[in-house]
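> need a 3D model of the sequence below.
(chains A and B)
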Amino acid sequence: MPNIQQGKPNLDVFCASLMELAAQDRDIFVVTSDSRGSAKLAPFCEKFPDRVVEVGIAEQSLVGVAAGMGSSGKKVFVVSPASFLTARALEQIKADVAYSDIPVVLIGISAGVSYGALGSTHHSLHDIAALRAVNNIDIFVPADNFETREAVRAAAARGRPAYIRLGKRPMPHIHAPETRFSAGEAILVRDGHDGAFIATGETVHKACQAAEILNSENIRCRVVSMHTIRPLDTAAILDAASACGAVITVEEHMVHGGLGEACASALMQAGAAVPFKIAGIPDEYTVTGSQEEIFGHYGLCAAPLADAMRALLKRRGRTAAPQPHQYTVC
Amino acid sequence: MLSTNDLRLKSNQYRQNLLRYIKIAGAGHTGGSLSCVDVLNVLYNGILKVSPQTFDNPDRDRFVQSKGHSVEALYVVLADRGFFPESDLLTLCRCGSPYAGHPTRKVRGIEINSGALGHGLPVSVGMAIAAKKSMATYRVFTLLGDGELMEGSNWEAAAIAAHYKLDNLTALIDCNGLQITGRTREVCSTDPLPAKFEAFGWSVREVDGHDIDALRTILGSVPFETGKPSCVIAHTIKGKGVNFMEGVAKWHHGVPNDEQYESAVNQLKREADVLLQKPSTPPLSLSDSERERGGKGVIG
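Modelled structure (predicted):
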C-alpha cells in the first residue's frame, strides 16, 4: 500500500462525527463513566454540555442509565473503556440494551491492547466474543478514520443496539473518502487471487503491509476490511476463500470467539475447506508493552503475517490461485 | 376515586388471580407476588398517570418492576387495568408466550425487560434523567426487593439519582424480609435500609405495605423533598393473604398443589366475603384447567 497517509486517532474522528450528528439532532446524548478525557470528548462537552451525562466510575449503571434514557426517546452514545464496558457491564448490555431492544450505541474506547503497558485488566481481548454471544447488537470495528465516521453514522441511523470498538493511536488512512460503506458489507481494500487476508480494526493496516511485501514477491493477496462483525458479511468471506484458496484472518482480539472463528464457522458451514489461519492474541497470559510491541510479539504485523501467508500457501501446495468455484451458504 | 374497601377487594381479587395463573402454569414466584400486590394496586389505581390508551405517550408516568420475578402480580394488575385481556395469562410461562416468568416489552404496559436483579433502579434513573433533560413532567417509579438491594449496581444508581437531584424518581422497596435462601437479615443483611438511603441523599419514608390508606397517602405525596429522589420502604409479608404461605421462604417460587390451591383461594374468598359484608360463598372446586398442570406444592 504505497503512499498511505497518517490520519488521526479514531477517537478524535468519533468525537467530530458525533458532533456533526448532535448539531442536527438535539436528542443525541453522551453518557460516560469518568472517561471524557480518555475518549477525547472535550470538544463535544464544550459545545453540548447539557448533553453529557456523567455517572462516575460505575459501568453497570452507565449502561442501565443509558438504556433508561434510550427507552425515553434519547439517542444515547455510551462512552467507556472497552475492557470495563464489555465485561463489568455485560449483563446490562445483554438485558437492558440488547434484550430490551433499546437503541443505545456503546463506544468501547482504547480497545484491544491500546492500553498495552497497563496490563491485562485494561486489555479488551474478549469483547467481540462476548458480544457475538449476545443476541441483537451490531458490532463495528473500524480500521481507519473513514470507517470510524461511517460506523458512527451507520449506528446512529440504524436505531438499534450497537457496539463500536475504537483504538487509541493515530491510524493511517486506508480508504478513499468516496469509498462505499454499508453496515454488514465488508470493504475490499486490495484485490488478489493467491491468498486473502480478512482483517478487522487496527490490524487491517498490518494486513495491507503484509500484502505489499508479498506483492513484491509476485504473490497477489486480497485484503478485506471486515468493519462489521455483526451482521457479518458471509458472502465476502466465501468469495475470498473461493477466489484465493487460502485465508488468514487478522484481529486485535483473542483467537477464541472473534473474527477468525466467525469466518471459520462461515467457511465450515458452507463446506469451504481452504487452508486457514487465525492471527490474533493467543490464549495465554498476555504480555504487556505498547500496542505495537504486543502486535510484534504475537506476529500481528507485516513480516510475520507475510510469513504466515507463505506457510499457508506452502501447505496448500501451490502459490497459484485455485479455480474459483461457488460455495453455498447454509 | 375508588374507596379503600374497593381497593382492598381489588387486592383480594389480584391475589386470587395470580394464584390461579401460577397454578395453571405450574410455575411462578408466588410469595413475592403476594407481598407486592397492595403496592402495585395503589400505584396503578390512583397514582400512576398511565393507561392502555396513554402508554405510548412520552409524558406517561413510568413504572419499572426491578424485582421482575414477581411479574405475576404485575400481570394481573395490568390485565385488570385493560392493558391486555386477562385470558392471555392462561399462556403464562408457556413456550412462545410473551407472558414469560419475568417482564418483557412484548407485553403492553411493560417498560423494560427485567429479571436480573439490580437493573431496574439504574434504568429508572436514566428515565428520570431523560425527563429532566426534556423538561418533561412524567414521574418514574420502580419496585425493588429488599434482597435485591444486595446487588451493588443499586447503590451506584442511588448515588447517581441523588447527584442529579431526581425528585421525579421514587424507589419502592418491597421489604418482605425473605429471599430464596431464607431471611434476608441472615443471608447477608441490607439493614439499615432507611439510614443507607438517607446517607445516599434520598428522602425516605417507611410504610406498612399492606395498608391501603397509608400507601395512598405516602405515594400521593412524592416527592417528599424537592431536589431529592424518594424512597418508600414498604414493610410487607411474603405470601401475604394465605396463612400457610406467609413468612415462609419456600414459597419464593413454590407452586401450590391442588389441595394447597383450594385452601389458599378459599381463604381469600372468605376475606372477600368479609370485605363485601356478605355470607360465605361455597368453597372453591378446581376446574379442569386449574388442575391441568399445577405444582408439586410446598411442604413447610
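> tell me which residue of chain A lies closest to chain B.
Of all residues in chain A, the one sitting closest to chain B is A:Gly68 (2.2 Å; Cβ to the nearest Cβ). Where C-beta positions appear, they are placed from N, C-alpha and C, glycine not excepted.
> please identify the helix or strand for that residue.
Using DSSP states H and E, A:Gly68 sits in helix A:59-71.
> around chain B, which positions in the stretch 1-150 of chain A sit nearby?
A:29, A:31, A:50-51, A:53, A:55-56, A:58, A:60-61, A:63-74, A:91-92, A:95-96, A:99-102 (Cβ under 8 Å from any Cβ of the partner chain).
> B:Leu149 looks like it's in a strand, true?
No. Counting by DSSP: H, G, I helix; E, B strand; the rest coil, B:Leu149 is not part of a strand but helix.
> what's it in contact with, if anything?
Applying Cβ atoms under 8 Å, 6 or more residues apart in numbering or on different chains to B:Leu149 gives the contacts B:173, B:190, B:193.
> of those residues, which belong to helices?
B:Leu193 (DSSP state H).
> now the contacts of B:Leu149: which count as buried?
Buried by 16 or more other Cβ atoms under 10 Å in any protein chain shown: B:173, B:190, B:193, out of the contacts of B:Leu149.
> the nearest residue to the second one once chain neighbours are set aside and A:Pro103, how far apart?
The one in question is B:Thr190. Computed as Cβ to Cβ, 6 or more residues apart in numbering or on different chains, the closest residue to B:Thr190 that is not its neighbour in sequence is B:Leu149, at 4.5 Å. In this view, B:Leu149 and A:Pro103 are 30 Å apart by Cβ to Cβ, to the nearest Å.
> residues near the closest residue to B:Thr91 other than its chain neighbours, how many?
Excluding its sequence neighbours, the residue lying closest to B:Thr91 (Cβ to Cβ, 6+ apart) is B:Ser97, at 3.7 Å. Using other Cβ atoms under 10 Å in any protein chain shown, B:Ser97 has 15 neighbouring residues.
> and the residue most central in space within chain A, what does it touch?
Nearest to the geometric centre of chain A sits A:Val141, at 1.8 Å (Cα atoms, centre = their mean). With contact set as Cβ under 8 Å, 6+ apart, A:Val141 has these partners: A:128, A:164-165, A:200-201, A:226-229, A:251, A:259.
> just the ones of these in helices?
A:128, A:259.
> and which of the contacts of A:Val141 is nearest to B:Val64?
A:Ile164 (27.4 Å; Cβ to Cβ).
> which parts of the stretch 51-200 of chain A are helices?
Using DSSP state H, counting those that start in this stretch, the helices of the stretch 51-200 of chain A run over A:59-71, A:82-85, A:90-92, A:127-132, A:145-158.
> name the element whatever residue of the stretch 51-200 of chain B ends up closest to chain A belongs to?
The nearest approach of the stretch 51-200 of chain B to chain A comes at B:Gly126, 2.2 Å away (Cβ to the nearest Cβ). Using DSSP H and E, B:Gly126 sits within helix B:120-134.
> so which elements touch that helix?
Packing contacts for helix B:120-134, counted by 3 or more Cβ pairs under 8 Å, 6 or more residues apart in numbering or on different chains; DSSP states H and E, involve helix A:59-71, strand B:62-65, strand B:140-145, helix B:153-163, strand B:169-175.
> just name the most buried of the ones you listed.
Comparing the helices and strands packed on helix B:120-134 by mean neighbour count (mean count of other Cβ atoms under 10 Å in any protein chain shown), helix A:59-71 comes out on top with a mean of 31.
> tell me which other helices or strands that one touches.
Where contact means 3+ Cβ pairs under 8 Å, 6+ apart, helix A:59-71 is packed against strand A:28-32, strand A:75-81, helix A:82-85, helix A:90-92, helix B:120-134, helix B:153-163.
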